[in-house]
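[1] Build me a model from this:
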Amino acid sequence: MIKVFTLCPQGLGSSMIAKINVQKALDALGLESDIECSGVASIVGQKYDIIVTIEEMRSSLERADQSRIVYISNFFKKDEIAQKVEAKLRELKLI
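    Prediction:
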């Protein structure tokens, strides 16, 4: 089971779009997942395999484990999300 947080500034609308697109990417890889939408403050102390967020959130995540963060340019770019999520999971040897 892959645990993922999708983050946006407020943890509302755009992180939900990211959740849908990350879910599609993980489904295509045949992976079971638990994906939660969140804001940065909500992930403190949480366990996760990866975080998926936009580049603009980089400064807000300076203290997070950068090796587990997938930065994307836009939550609507399904192909970019699928490619980067798969690459990160392979890098972390989770698939």
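[2] and Glu91, what does it touch?
    By C-beta atoms under 8 Å, 6 or more residues apart in numbering, the contact list for Glu91 reads Ser67. Just so you know, the C-beta spots here come from the backbone N, C-alpha and C atoms, and that holds for glycine as well.
[3] Work out the gap between the lengthiest helix in the chain and the centre of the chain.
    If you go by DSSP state H, the chain has its longest helix at helix 13-28. Here helix 13-28 shows a centroid-to-chain-centroid distance of 8 Å under the convention C-alpha atoms, centre = their mean, to the nearest Å.
[4] what do you get for stretch 43-62?
    For stretch 43-62, the distance to the chain centre is 8 Å (C-alpha atoms, centre = their mean).
[5] pLDDT (mean, whole number) over that stretch?
    For stretch 43-62, the mean pLDDT works out to 91.
[6] just checking, Leu12 touches Cys37?
    Yes: when contacts are counted by C-beta atoms under 8 Å, Leu12 is listed as touching Cys37 (7.3 Å).
[7] in stretch 9-20, what's buried?
    11, 14-15, 17-19 (16 or more other C-beta atoms under 10 Å).
[8] send the alpha carbons of it over as PDB?
    Taking Å, rounded to 0.1, in the frame of the first residue of the first chain, the C-alpha atoms of stretch 9-20 are listed here in PDB:
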ATOM      1  CA  PRO A   9      -1.700  25.800   0.000                       C
ATOM      2  CA  GLN A  10      -5.100  25.300   1.600                       C
ATOM      3  CA  GLY A  11      -5.500  21.500   1.200                       C
ATOM      4  CA  LEU A  12      -8.700  21.900  -0.700                       C
ATOM      5  CA  GLY A  13      -9.500  22.200  -4.400                       C
ATOM      6  CA  SER A  14      -6.300  21.800  -6.300                       C
ATOM      7  CA  SER A  15      -5.000  19.000  -4.000                       C
ATOM      8  CA  MET A  16      -8.300  17.100  -4.800                       C
ATOM      9  CA  ILE A  17      -7.500  17.400  -8.500                       C
ATOM     10  CA  ALA A  18      -4.000  16.100  -7.800                       C
ATOM     11  CA  LYS A  19      -5.400  13.200  -5.800                       C
ATOM     12  CA  ILE A  20      -7.600  12.100  -8.700                       C
END
